[in-house]
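Enquirer: Just need the structure, nothing else, for what follows:
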Amino acid sequence: MAKQALLLVNLGSPASTQVADVRRYLNQFLMDPNVIDLPWPLRRLLVSLILARRPAQSAHAYSSIWWPEGSPLVVLSQRLKEAVEQSWQCGVVDLAMRYGEPSIERVLLRLAGQGVEDVVFAPLYPQFAQSTTTTAVEEARRVVRRHGLTLRLQVLPPFYDEPLYLQALADSARPYLEQGYDHLLLSFHGLPERHIERSDPSGKHCLKNPDCCQRACGEVLASCYRAQCMRTAEGLARAAGLEAGRWSVGFQSRLGRAKWIEPYTESRLDELAAAGVEKLLVMCPAFVADCIETLEEIGDRGRERFLAAGGKELVLVPCLNDHPAWVRALTELVSRVPRES
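Expert: The predicted model follows:
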């Protein structure tokens with residue numbers, strides 16, 4: 001039997017909070033054509049303009065949430081990897097990042113050197129997007145081609161509506177839900193609308209009418225990030241027994257002037273405070289590990305915005321991280337990925 005490995009893959013992080021390391025990370029991230037989908041000369045010009053100021057701002061933000069052990073996202077992903085190692089019995093378990101270190105290239109080369117032939121490649125993104133799932137898989141396949149590796153990749157598909165994942169979300173949130181709250185906001189990472197429209201295989205469904213996500217099915221649903229986010233929200237509401245009217249959805253992390261998918265989390269924070277919500281819970285189901293987008297963008301700046309708008313308390317519900325229910329769910333999900341004979 002071929003020697004197997006499980007490779008968990010997350011987005012990545014700067015090596016440190018130094019401006020030079022943040023600039024290097026942002027350059028790699030933003031120059032990915034799956035992230036900024038402009039022709040190379042325009043992308044290079046835009047990214048160069050962004051890098052003139054943003055690294056210093058981002059370095060300050062990273063400094064505010066950095067742990068003694070390093071980047072929260074990397075540390076938490078490593079803890080998840082170690083927990084899954086205890087329950088996945090099919091071979092080696094390893095961890096890579098799409099940007100930064102440990103890189104997909106370095107880890108795949110290491111696995112190949114250990115005699116691994118089959119790799120269950122698990123992008124830790126519940127919902128599909130070209131800027132997350134596609135770019136991670138493309139990078140892995142590029143590495144295999146470039147180095148002539150004999151590795152066979154079996155990819156974990158998006159698991160946005162998997163009952164195991166939804167139940168893990170509900171289990172992880174339960175202690176916070178039981179403490180009492182006025183409203184739960186499910187804040188997903190945003191995408192430019194053009195990414196959604198470009199991913200629509202029909203070219204005539206996504207964002208063409210107000211209820212397009214509710215009616216999405218088949219190939220459209222399989223490639224529509226926003227529709228999958230809505231399915232996750234609805235599934236979590238059922239799994240956790242959330243009351244209608246006490247939860248809603250927002251999309252965060254806008255960058256640039258392009259139109260991004262709505263509703264915007266920033267606007268929802270203002271609207272909920274204005275509507276009399278005093279204690280607001282916020283979950284971020286597009287992320288499986290806490291990171292700058294959850295800890296700083298929501299936990300710090302989002303809280304400040306909600307309080308300034310009249311709210312009394314914003315509680316950030318931690319991501320799944322290495323919660324036991326998530327470890328069990330992920331182990332089961334990767335065990336279902338078909339292996340090549």
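Enquirer: From the rest of the structure, what touches whichever strand or helix holds Val22?
Expert: Element membership for Val22, per DSSP states H and E: helix 19-30. Residues from elsewhere that reach helix 19-30, judged by Cβ atoms under 8 Å, 6 or more residues apart in numbering: 12-15, 35-36, 43, 46-47, 50-51, 54-56, 58-59, 62, 99-100. Yep, even glycine has a C-beta here, placed from its N, CA and C like the rest.
Enquirer: Over to stretch 77-89?
Expert: With Cβ under 8 Å, 6+ apart as the criterion, stretch 77-89 contacts 6, 8, 10, 93-95, 97, 124, 288-289, 321-322, 324, 326-328, 330-331, 334-335.
Enquirer: Could you identify the helix or strand that succeeds the helix or strand harbouring Leu80?
Expert: Taking DSSP H and E as the definition, one finds Leu80 inside helix 72-85. Next along the chain after helix 72-85, taking DSSP H and E as the criterion, comes strand 92-99.
Enquirer: chain center to that next one: distance?
Expert: Distance of strand 92-99 from the chain centroid (Cα atoms, centre = their mean, to the nearest Å) equals 15 Å.
Enquirer: by contact count, what packs against the very next helix or strand once past it?
Expert: Next in sequence after strand 92-99, counting helices and strands by DSSP H and E, comes helix 104-113. Judged by 3 or more Cβ pairs under 8 Å, 6 or more residues apart in numbering; DSSP states H and E, helix 104-113 is in contact with strand 4-12, strand 92-99, helix 135-147.
Enquirer: one more time with 6 Å, if that's ok
Expert: Contacts defined by 3 or more Cβ pairs under 6 Å, 6 or more residues apart in numbering; DSSP states H and E place helix 104-113 against strand 92-99, helix 135-147.
Enquirer: any idea how far Val143 is from the nearest residue to Trp40 once chain neighbours are set aside?
Expert: Closest residue in space to Trp40, ignoring its immediate chain neighbours: Pro33 at 7.6 Å, by Cβ to Cβ, 6 or more residues apart in numbering. Here Pro33 is placed at a distance of 17 Å from Val143 (Cβ to Cβ, to the nearest Å).
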